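Chemist: One predicted model, sequence on top.
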Amino acid sequence: MHGEHDPRECSENFLSGALDLLEVDDELRHLLRGPFREVALELPLRRDDDSLSVFHGYRVQHDHSRGPFKGGFRFHPEMDMDHSRGLASVMTWKTAVVDIPMGGAKGGIDCDPSELSRGELETLTKRFVQKLGPLLGPDVDIPAPDVGTGPREMAWIYAGYARTHEMDAPGVVTGKPLELGGSLGRTEATGRGVAMVTEWACEAEGIDPEGATVAIQGFGNVGSHLARFLDDLGATVVAVSDVGGGLHRDDGLDVETLFRQMNVEDSIDTVVESDVPHDSISNEELLALDVDVLIPAALEGVIHGDNVDDVRADLVVEAANLPTTCDADRALAERGISLVPDILANAGGVTVSYLEWVQNRQRYRWSEERVNGELRDFMREAWEDVSERASGEDVTYRRAAYATAVERVREATRLRGF
Ligand code: GLU
């Protein structure tokens, strides 16, 4: 569904609900809505076969009233300015919900990484960093992994920045390999945080997390780690999927074996029945399963007006960014299906990014235990802020999360003066 709905319109709509709830005046509304800065760049690349391809790089810096801009670089063929705008705004509210001293940004390149060689990708990434010039920096704007990028690309960003600025500043990017100043626990952090919030939300909604049935759409970095954490918790992961299709088993899938297999396989539909017993299932069928918890963990806009009536889960937890369109969000709320929004559910990733940045500034490495403990504290506090507000004011978790975030950003904006 990537690209078929308007992520910018959805994020604005979610924000408007909170602005109304808090009775924010028009001047401030204007400031909180719009981005601080938007950049679009042409990125010509001489290909290995000597032909020329022209890609486009985007960076939207939404808000920095609470600290430097923060958010991922996405490499995806449908990446564009509107996706960057919507997702950058989501980052502003996400960093505010978990109360880390950072703002929000997002960007990336409209390329399909699977169609580029390693060398081509490295050149493209470093050129993007070079062209962004002073707009990136450890106290300015700090990218991180997102869809289509990971530690390898973050290493190139670090190196590209070091070369362009003749300075070694590991805090310019997070999600780096451990050898280059990455943090223990960063790779698993988003999945770990989603699992924590899922457990707490289940308890709040009267679902026993041990034995709860869960369907996860997406088995990339977030979905695969999440499946393992939920399995450890005693939940029954009955279905997982990726772009190639999905696997389903009423008694629960063998998540550990699947996780190991996916390190060698490219796509979930090549996993054989003998290793991981399953029935095949499509992505649309997965979304309609009669499970306790449904977790979209891939791209945006997958739960939309045309399929929302098929959702039969009692609880939806958004591990992806903007996976539910605004009309589907309303429909779920009307049917009494609870939903934990992206800005809370998947904030574990940016939280450990922040912890990585702190370690980089200290030129020190924390133990994994310390990182995971701090992550848990941030997530727990955010969950309590949001869930108490949701029950106290009788609003959805989404409305409560946005209101909590907007209050913090509004206060920082007001104190700075404008
Ligand atoms: N791309 C991730 C997100 O959407 C991580 C961002 C970061 O660590 O800065 O939250």
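Modeler: Cool, got the structure.

Chemist: you'd agree Pro305 is up against Asp327?
Modeler: Rather than Pro, residue 305 is Gly. Yes: look at Gly305 against Asp327 with C-beta atoms under 8 Å: they come within range, at 4.5 Å. For glycine as for every other residue, the C-beta is placed from the backbone atoms N, C-alpha and C.

Chemist: Do a quick rundown of the strands in the chain.
Modeler: Counting by DSSP state E, the chain has strands at residues 37-46, 52-63, 69-70, 73-75, 104-109, 141-142, 213-217, 236-242, 245-248, 279-281, 293-296, 315-317, 338-340.

Chemist: among those, which is nearest the ligand?
Modeler: Among the strands of the chain, the nearest to the ligand by C-beta to the nearest ligand atom is strand 69-70 (4.7 Å).

Chemist: Give me the helices and strands touching that closest one, please.
Modeler: strand 52-63, strand 104-109, strand 141-142, helix 348-362 (3 or more C-beta pairs under 8 Å, 6 or more residues apart in numbering; DSSP states H and E).

Chemist: Skipping adjacent residues, who's closest to Ile207 in space?
Modeler: Nearest residue to Ile207, sequence neighbours excluded (C-beta to C-beta, 6 or more residues apart in numbering): Asp292, at 5.0 Å.

Chemist: try Asn283
Modeler: In space, not counting the residues next to it along the chain, Asn283 is nearest to Ser241; the distance is 5.1 Å by C-beta to C-beta, 6+ apart.

Chemist: now swap in Asn321 and tell me
Modeler: The shortest distance from Asn321 to any non-neighbouring residue, by C-beta to C-beta, 6+ apart, is to Asp342 (4.9 Å).

Chemist: Quick check: the one you found vs the ligand, distance?
Modeler: Asp342 is 8 Å from the ligand, where distance means C-beta to the nearest ligand atom, to the nearest Å.

Chemist: contacting residues for that residue?
Modeler: Residues counted as contacts of Asp342 (C-beta atoms under 8 Å, 6 or more residues apart in numbering) are 90, 94, 318-323.

Chemist: Look up the pLDDT of it for me, please.
Modeler: Confidence at Asp342, expressed as pLDDT, is 98.

Chemist: sorry, back to before: count the residues that sit near the residue nearest to Ile207.
Modeler: Using other C-beta atoms under 10 Å, Asp292 has 21 neighbouring residues.

Chemist: Same question for Thr187.
Modeler: There are 20 residues near Thr187, going by other C-beta under 10 Å.

Chemist: My read is that it contacts His225, right?
Modeler: Yes: using C-beta under 8 Å, Thr187 is in contact with His225, at 7.3 Å.

Chemist: Now the two most distant members of the contacts of Asp342.
Modeler: Greatest spatial distance among the contacts of Asp342 (C-beta to C-beta): Lys94 and Pro323, at 14.1 Å.

Chemist: tell me the angle of the lengthiest helix in the chain relative to helix 348-362?
Modeler: As assigned by DSSP state H, the longest helix anywhere in the chain is helix 368-393. Angle of helix 368-393 versus helix 348-362, following axes from the mean of the first three to the mean of the last three C-alpha atoms, to 10 degrees, is 130 degrees.

Chemist: counting contacts, what elements does helix 368-393 pack onto?
Modeler: Using 3+ C-beta pairs under 8 Å, 6+ apart, helix 368-393 sits against helix 81-97, helix 186-204, helix 342-345, helix 348-362, helix 397-416.

Chemist: what's the closest of those to Leu32?
Modeler: Once the helices and strands packed on helix 368-393 are compared by C-beta to C-beta, helix 397-416 is nearest, at 6.3 Å.

Chemist: which residues are in contact with that closest one?
Modeler: For helix 397-416, the surrounding residues in contact (C-beta under 8 Å, 6+ apart) are 14-15, 17-19, 21-22, 24, 28, 31-32, 63, 65-66, 92-94, 96-97, 99, 201, 329, 338-341, 343-344, 382, 385-387, 389-390, 393, 395.

Chemist: swap in stretch 280-290?
Modeler: 215, 217, 238-241, 245-248, 269, 294, 296, 302-303, 307, 310-313.

Chemist: switch to 6 Å and redo it
Modeler: 215, 217, 239, 241, 246, 248, 310, 312 (C-beta atoms under 6 Å, 6 or more residues apart in numbering).

Chemist: Quick one: buried ones out of those residues?
Modeler: 215, 217, 239, 241, 246, 248 (16 or more other C-beta atoms under 10 Å).

Chemist: could these go into a markdown table alongside distance to the ligand and pLDDT?
Modeler: Listed next are those as a markdown table, based on distance: C-beta to the nearest ligand atom, whole Å; pLDDT from 0 to 100:
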| residue | distance to the ligand | pLDDT |
| --- | --- | --- |
| Ala215 | 22 | 98 |
| Gln217 | 17 | 97 |
| Ala239 | 24 | 98 |
| Ser241 | 20 | 96 |
| Gly246 | 23 | 95 |
| His248 | 28 | 97 |
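
Chemist: from the stretch 101-250 of the chain, which residue is nearest to the ligand?
Modeler: Ala144 (3.2 Å).

Chemist: ok so, going back, redo the strands of the chain as CSV? Include distance to Ala405.
Modeler: Listed next are the strands of the chain as CSV, based on distance: least, C-beta to C-beta, whole Å:
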stretch, distance to Ala405
strand 37-46, 20
strand 52-63, 10
strand 69-70, 14
strand 73-75, 21
strand 104-109, 10
strand 141-142, 19
strand 213-217, 25
strand 236-242, 30
strand 245-248, 33
strand 279-281, 35
strand 293-296, 21
strand 315-317, 18
strand 338-340, 14
